[in-house]
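**Student:** Kindly return the folded structure for what I paste below:
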Amino acid sequence: MDAPHVIDPAGGCPHALNARLRARGAVAEVVLPGGVPGAVVLGHEDLREFLAHPDVAKDARHCPALHDGTIARDWPLRVFANARGMHTADDADHRRLRSLVGKAFTARQVERLRPRVEELADTLLDDLARAAAGSADGTADLRTHFALPLPMSVICELLGVDPEHRGRLHHLSNTVIVATDTTPAEALAAVHELVELMGTIAAARRAAVARGEAGDDLTSALIAARESDGDRLSEAELTGTMRLMLVAGHETTLNLISNAVRALCTHRDQLALVLEGGATWSDVVDETLRWDGPVSWFPFRYPTRDLTVGGAVIPRGTPVLAGYTAAGRDRAFHGPDADRFDVTRPTAARHLSFGHGAHYCVGAPLARLEATTALERLFTRFPDLDLAVPETGLPHQRSFIGNSVETLPVRPVRA
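**Tutor:** The predicted structure is shown next:
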C-alpha cells in the first residue's frame, strides 16, 4: 500500500502532484498540516459522485477528531470547520441559509450588474495602463491593478462594505483562507480580526437599518431577515455568511482571471481563435476552470459512514478534500490530451470547479459575468498584452487550497 501523501503547507503548482497521485487511484490518503489524517478525491467521476453523495456531510459535527481532543484546538485548518454558514450546513439548515442569499445571485439578478461590472473593468484598465506607462519597463501587476479590484469592488458593493475596509479584508481573507503556510498563531489572529471586522461591518449596516436608511445591499437584507425572525439567522450565521460571500466572492475570481490571462498569453493560438470569433470568452472561462482552476484542494467534507469511493474506503468522519484541479485534468474523463489548454474542448463545460450537487457555488453566475467581462474588455483593449516575465518565473501561491500566482506582471502594449 502506498504511504499517505504528506501535504506541504506551502503548496505550489498542483498539476504534477495531482498526476502522480491520480496514477495511484481516484482517492489518495493524505496527512494534513498538523499531522491530521485525511483524504483527497482526485478523479472526475469519483469527485462528482462524492460531492453529491447523501452520506457525505459538510457540518463538522460529523468529524469526531475535531471534538475529542485528537486534533489540536489551534489547528489552522479549523477555520474551515468552525465557520458557520451555508457552506458548513447540511439539509434543512443549508436550504434555509442558501435561500437567504440565493435570490441575489440568480442569472437575472446578476445580469443587472453587467453595466456596473463593465464600468469598473474599463476604469481599472485605465489604471492598469497608467501604472504600466509610469513604470520604468512599461509593466504593471495585473492582479493588483485589475484582477483583484474588479471582483473585490463588486462583492463589496453587493454586501454594502465601505471602501475603507477592502484592502484589510483581502489581506485577512488571504491569510485565513488561501495561505496555508501560516503558523497557528498567525492564522488564529487573522481569524479573530476578520470576524471582528465582519461584525463591525454588520453593526454599521444594522444601525443603518434601524435608522430607516437600509440600502439594497445583501448584508442589509440578511439583517432584515434576522430582525424579522430571529430564528432564521443567528448572529454567527450572519457573520459567517458575510465572510463566505466576501472571500468566495473575490479570491476565487481573482485567481480565475489571473489563470485565464496566463493561459491565453502562453497559448497565443487560443487567444487568436477567440479574437477571431472561433470561440467565446465563456469557452475560455470554462476551459480555465477545468485546466487550471482557481481552487486546488478544498476542505472539508465528512463521510457519515465508511464510504467506498473509486474502490477506496474512506472511514467515517475523515476530513476529505475535494481535488478540483486533479479532477480537471483527469484523462479518464477529459481525454488523453487533458493537460492541453483547448478552448474548443467538448468536455470543458462539465468541469467541477464550481462544485456539484446541493453545494454548487451560488455565486457561479456572478463569477462568470466578472471573468468573461474582464477578459473581453482586457484583450479587446490590449490584444497584444503579454506576460512581462517567463511564466516559469512567476511565484506560485503558497497554498494547497488556492491555485494561482502571487503576482502577474504584464506588458499591456508590446515594446
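
**Student:** Now the phi/psi pair for Pro151, please.
**Tutor:** The phi and psi values for Pro151, taken as degrees, to the nearest 10, are phi -70, psi -30.

**Student:** Please look at it and Arg368 and confirm they touch.
**Tutor:** No - the criterion here is Cβ atoms under 8 Å, and Pro151 misses it with Arg368 at 11.7 Å. Every C-beta, even on glycine, is put in place using the N, C-alpha and C of the backbone.

**Student:** Mind checking which of the two has more residues around it?
**Tutor:** More crowded of Pro151 and Arg368, by other Cβ atoms under 10 Å: Pro151, with 26 against 20.

**Student:** quick one on the thing from earlier: name the residues contacting each of Pro151 and Arg368.
**Tutor:** Overlap of the contact sets of Pro151 and Arg368 (by Cβ atoms under 8 Å, 6 or more residues apart in numbering) is empty.

**Student:** outside of the helix or strand of the chain with the lowest mean pLDDT, which residues touch it?
**Tutor:** Lowest on mean pLDDT, DSSP states H and E among the helices and strands of the chain sits helix 218-228, with a mean of 74. Contacts to helix 218-228, defined as Cβ under 8 Å, 6+ apart, come from residues 100-101, 104, 158-161, 201-202, 205-206, 208-209, 214, 232-235, 238, 241-242, 245.

**Student:** what do you get for stretch 285-296?
**Tutor:** For stretch 285-296, the external contacting residues (Cβ under 8 Å, 6+ apart) are 11, 14-15, 251-256, 259-260, 262-263, 323-325, 328-329, 334, 341-343, 345, 347-349, 351, 353-354, 368, 371-372, 375, 399-404.

**Student:** Give me the buried subset of those residues.
**Tutor:** Buried members of those, scored by 16 or more other Cβ atoms under 10 Å, are 11, 14-15, 251-256, 259-260, 262-263, 323-325, 328-329, 334, 341-343, 345, 348, 351, 353-354, 368, 371-372, 375, 399-404.

**Student:** Going by neighbour count, which residues of stretch 235-251 are buried?
**Tutor:** Residues of stretch 235-251 classed as buried by neighbour count (16+ other Cβ under 10 Å): 237-251.

**Student:** now stretch 71-78
**Tutor:** Buried residues in stretch 71-78, counted by 16+ other Cβ under 10 Å: Ile71, Trp75, Pro76, Leu77, Arg78.

**Student:** Quick check: which of these has the minimum pLDDT.
**Tutor:** Lowest pLDDT of the buried residues of stretch 71-78: Pro76, 82.

**Student:** which residues does that residue contact?
**Tutor:** Per Cβ under 8 Å, 6+ apart, neighbours of Pro76: Pro33, Gly34, Thr180, Thr182, Thr183, Pro184, Ala187, Leu188.

**Student:** mind running it again at 6 Å?
**Tutor:** Counting by Cβ atoms under 6 Å, 6 or more residues apart in numbering, Pro76 makes contact with Pro184, Ala187.

**Student:** Please apply the same query to the one 4 residues further on.
**Tutor:** Neighbouring residues of Phe80 by Cβ under 6 Å, 6+ apart: Pro299, Phe300.

**Student:** In contact with the residue nearest to Cys13 when sequence neighbours are not counted, which residues?
**Tutor:** Take Cys13 and drop its neighbours on the chain: the residue closest to it by Cβ to Cβ, 6 or more residues apart in numbering is His396, 5.1 Å away. By Cβ under 6 Å, 6+ apart, His396 lies in contact with Gly12, Cys13, Val405.

**Student:** So His396 versus Asp8, what's the distance?
**Tutor:** Distance of His396 to Asp8, computed by Cβ to Cβ, to the nearest Å: 12 Å.

**Student:** my guess is Pro9 meets Gly34, correct?
**Tutor:** No - Pro9 lies out of contact with Gly34 (Cβ atoms under 6 Å); the separation is 9.1 Å.

**Student:** Neighbour count for the two, which is higher?
**Tutor:** Pro9 (18 against 15).

**Student:** Give me the phi and psi for the more buried one.
**Tutor:** phi -60, psi -20.

**Student:** ok, now Tyr302?
**Tutor:** The phi/psi pair for Tyr302 (degrees, to the nearest 10) is phi -130, psi 120.

**Student:** For stretch 291-304, list every residue counted as buried.
**Tutor:** 291-303.

**Student:** again with stretch 110-121
**Tutor:** Quick answer for stretch 110-121 (16+ other Cβ under 10 Å): Val110, Leu113, Val117, Leu120, Ala121.

**Student:** For the residue nearest to Cys13, give its distance to Ala187.
**Tutor:** Taking Cβ to Cβ, one finds His396 at 20 Å from Ala187.

**Student:** re the thing from before, tell me the one of the buried residues of stretch 110-121 nearest Gly167?
**Tutor:** Leu120 (16.4 Å; Cβ to Cβ).

**Student:** any idea how far the helix or strand containing the closest one is from the chain center?
**Tutor:** According to DSSP states H and E, Leu120 maps onto helix 114-133. Here helix 114-133 is found 23 Å from its chain centre; the criterion is Cα atoms, centre = their mean, to the nearest Å.

**Student:** tell me the average confidence for it?
**Tutor:** 96.

**Student:** again, but for stretch 408-415
**Tutor:** The average pLDDT within stretch 408-415 is 82.
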